[in-house]
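Q: sequence first, then the predicted structure:
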Amino acid sequence: MTTALLEVRGLVKHYRLRGGWPWSPARWLRAVDGVSFELAAGETLGLVGESGCGKSTLGRALLRLVEPTAGEVRLNGESLTALDGRALTAQRKHVQMIFQDPYASLPPRRTVEQILREPLDWHRIGTPASRAGRVGELLARVGLGPSALPRYPHAFSGGQRQRIGIARALAVEPQLIIADEAVSALDVSVQSQILNLLADLQQELGLAYLFIAHDLAVVQHISDRVAVMYLGEIVEQASSRRLYAQPAHPYTRALIDAVPRPASGHRGHRAPLVGEVPSPVEPPSGCRFHTRCPHARPICRSMAPREIELGTAGESHRVRCHLHDPEIDEHFDD
Ligand code: SF4
C-alpha cells in the first residue's frame with residue numbers, strides 16, 4: 001500500500017450553539033463526527049454528499065481554518081493538529097484550497113499580479129527579482145496570458161477567475177489541493193475545461209486532490225476513490241469504479257440514481273431520495289440515515305452500524321450499513 005500523504009483519524013468538529021437560557025443544557029451542532037480516511041500522494045479522493053452533510057467543514061478542519069474538536073490530521077507523517085505558529089504555517093503551505101466562488105475568494109482591489117505575488121512574498125519563495133517571472137509562469141500554467149496581470153478580478157469570467165484561484169493555490173507548490181465545490185458554480189462546458197486543467201496539473205506536478213462536491217457525475221470524472229458523507233459521517237468509501245458499479249449503502253445508491261443518464265436524461269429505477277438531511281444538532285439515533293432509508297428496520301433506529309470491509313484483496317470498499325453486517329443481517333430477512 002502506498003504511504004499516505006494525508007491521514008485523518010476520528011476527526012470531529014462540533015459547534016456549541018448560543019441561545020436558550022443560561023441554565024439550559026448546552027446544545028451542539030455535530031458538523032463532523034468521527035471521520036477517518038487516507039489520501040496518497042498524486043491521488044484524487046472525491047468527497048460527496050448533499051448540502052449540510054459536513055463536507056466543507058471537514059475540508060476546513062483539515063487545514064485548521066476551523067479548529068477541530070477532536071481527532072488527528074497527519075500530513076507526511078507529521079501531526080497538523082499538534083502544531084502551532086510558524087510550524088503550522090510551514091506545514092499548511094503544502095495544502096492549498098480552491099473555493100466554489102472564486103470571485104468572493106479573490107481580493108477585489110488587487111490586481112492579478114498582486115494576488116499571485118502575495119503568497120510568494122509571504123512564504124519568501126525565490127528572490128524578489130525572480131518572483132515576477134514566477135507569477136508569469138503560474139498564469140501560463142493555467143492558460144492565461146500576461147495581459148491578465150494588471151487587471152482586477154471583476155474583469156474576468158467565472159472560469160477565468162477559477163483559473164486565477166488555481167494559479168494562486170499553485171504558487172507555493174503544494175502537495176495537496178482541497179477543491180471545495182470548485183466547479184459547482186460554472187457552466188457545464190467551463191466545468192469540463194477546469195476539470196481537464198486540474199487533471200493536467202495533477203499529471204504534471206504529482207498533486208493530490210480532495211475534491212469536495214455534491215454532484216456525483218463531476219466526482220466520478222476526476223476521482224480515483226470516492227467517500228460518501230452523510231450527516232457528519234463517512235458512510236461508504238471505495239474506488240470510483242467500484243463505488244459507481246456496486247454501490248453498497250442505500251444513501252450512495254440513491255445519490256447515484258439521482259444523477260440523470262446522459263443519453264436519455266432519465267434517472268435510475270431505485271426509490272428516489274425523499275426528505276431533507278435531518279438537523280446535525282439532534283441527529284437521528286442509531287443509523288443517521290434511518291429516517292430516509294427504504295430498508296430501515298427497528299435495529300437501525302437503536303444501533304449505529306459499524307464499518308464493514310466488502311473489498312477483495314488489494315481493493316478496499318468500506319460501508320457503514322447493517323445490511324452488510326453478517327452479525328446483523330437476520331434482521332433483514334423479510
Ligand atoms: Fe438503511 Fe439500516 Fe443500512 Fe442505515 S443501517 S442505511 S437505516 S439499512
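A: Looks like it arrived, so ask away. Numbering: from 1, shown residues only.

Q: okay, helices next: where are they in the protein?
A: Applying DSSP state H to the chain gives helices spanning 55-62, 85-92, 102-105, 112-122, 128-141, 158-170, 188-205, 216-222, 240-245, 250-257, 298-302.

Q: for the ligand, find the nearest of those helices.
A: Set against the ligand and scored by C-beta to the nearest ligand atom, the helices of the chain come closest in helix 298-302, at 3.2 Å. Every C-beta, even on glycine, is put in place using the N, C-alpha and C of the backbone.

Q: how about whatever residue of the stretch 51-200 of the chain ends up closest to the ligand: what's its closest non-neighbour residue?
A: Residue nearest to the ligand within the stretch 51-200 of the chain: C53 (14.4 Å; C-beta to the nearest ligand atom). Among residues not flanking C53 along the chain, M229 sits closest, at 4.7 Å (C-beta to C-beta, 6 or more residues apart in numbering).

Q: then S240?
A: In space, S240 is closest to S223, 4.6 Å off (C-beta to C-beta, 6+ apart).

Q: mind listing what the spatially most central residue of the chain touches?
A: Taking C-alpha atoms, centre = their mean, the centroid of the chain lies closest to I212, which sits 2.9 Å from it. Counting by C-beta atoms under 8 Å, 6 or more residues apart in numbering, I212 touches G46, L47, V48, K55, S56, L58, G59, I178, A179, D180, E181.

Q: so what sits opposite it in the bridge?
A: L47, D180 (DSSP bridges).

Q: next, the buried residues of stretch 275-290.
A: V277, P278, P280, P283, P284, G286, C287, R288, F289, H290 (16 or more other C-beta atoms under 10 Å).

Q: which secondary element of the protein has the worst mean pLDDT?
A: One helix or strand of the chain scores below all others by mean pLDDT, DSSP states H and E: helix 102-105, with a mean of 76.

Q: now do that one: distance to the chain's middle.
A: 18 Å (C-alpha atoms, centre = their mean, to the nearest Å).

Q: residue ranges in this structure under the pLDDT threshold?
A: 1-2, 20, 261-272, 329, 331-334 (pLDDT under 70).

Q: kindly report the residues of it close to the ligand.
A: 249-250, 287, 289-290, 293, 295-296, 300, 305, 321-323 (C-beta under 6 Å from any ligand atom).

Q: 5 Å instead?
A: Counting by C-beta under 5 Å from any ligand atom, the residues of the chain lying close to the ligand are P250, C287, F289, H290, C293, H295, A296, C300, P305, C321, H322, L323.

Q: doesn't C321 make contact with the first one?
A: Yes: contact criterion C-beta atoms under 8 Å: P250 and C321 qualify, at 6.8 Å.

Q: got JSON lines for the helices of the chain, with mean neighbour count too?
A: Shown next, in JSON lines, are those (neighbours: other C-beta atoms under 10 Å):
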{"stretch": "helix 55-62", "mean neighbour count": "23"}
{"stretch": "helix 85-92", "mean neighbour count": "13"}
{"stretch": "helix 102-105", "mean neighbour count": "16"}
{"stretch": "helix 112-122", "mean neighbour count": "18"}
{"stretch": "helix 128-141", "mean neighbour count": "15"}
{"stretch": "helix 158-170", "mean neighbour count": "22"}
{"stretch": "helix 188-205", "mean neighbour count": "15"}
{"stretch": "helix 216-222", "mean neighbour count": "20"}
{"stretch": "helix 240-245", "mean neighbour count": "18"}
{"stretch": "helix 250-257", "mean neighbour count": "22"}
{"stretch": "helix 298-302", "mean neighbour count": "15"}
